[in-house]
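S.K.: no sequence on this one, just coordinates:
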């Protein structure tokens, strides 16, 4: 288990996007419903301790982070270490490939799992303020399974919603009710 995460770390998976095989996934914006879901998520987090908001620099994550920060009078710090795992576009078989990757199978053209864990860890490790980090499903799952190796990565990833919240507090990982 990794030690010394932020005093109170809230990991957020971005809201819904419309996949477009003609554009890199990193450039996909939120759908209209995704934008509304990001606003609702900010309201849901109103009772959380938040001292700082960081986000992947991908548009879908940044747009999910913005309402969280605005609601608290904070600004979002963009951090490319919170980007999604670099991988090729797969028209078919994505879920199976992602599950294999999360199980540690190094797939051709995919960023190594340990590299994603390392950069996510570096972006979210101990800070002086309670932190919200807005990121992506595979990257979030990579970090969570590094903190608690007993968590089954593929199952955890498949259960994530758009958007979703995972709280890491004192090494304990859970979803708020």
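M.R.: Okay, I see it. All figures in this text were calculated on a predicted structure; none of them were measured in a lab.
S.K.: contacts only, for residue 53.
M.R.: 65, 68-69, 72, 74-77, 131-132, 134 (C-beta atoms under 8 Å, 6 or more residues apart in numbering). Yep, even glycine has a C-beta here, placed from its N, CA and C like the rest.
S.K.: surely it is within a helix?
M.R.: No. Per DSSP: H, G, I helix; E, B strand; the rest coil, residue 53 lies outside any helix segment and is strand.
S.K.: how about it, nearest residue that isn't a chain neighbour?
M.R.: For residue 53, ignoring the flanking residues on the chain, the nearest one in space by C-beta to C-beta, 6 or more residues apart in numbering is residue 69 at 4.2 Å.
S.K.: if I read this right, the one you found contacts residue 75, doesn't it?
M.R.: Yes. Residue 69 is within contact range of residue 75, at 5.9 Å (criterion: C-beta atoms under 8 Å).
S.K.: who's more crowded, the two?
M.R.: Neighbours around residue 69 and residue 75, counted as other C-beta atoms under 10 Å, are more numerous at residue 69. The numbers are 20 against 12.
S.K.: let me see the mean pLDDT of the host helix or strand of that one.
M.R.: Under the criterion of DSSP states H and E, residue 69 resides in helix 59-70. For helix 59-70, mean pLDDT is 98.
S.K.: and residue 112, its phi and psi?
M.R.: Main-chain torsions, residue 112, degrees, to the nearest 10: phi -70, psi 140.
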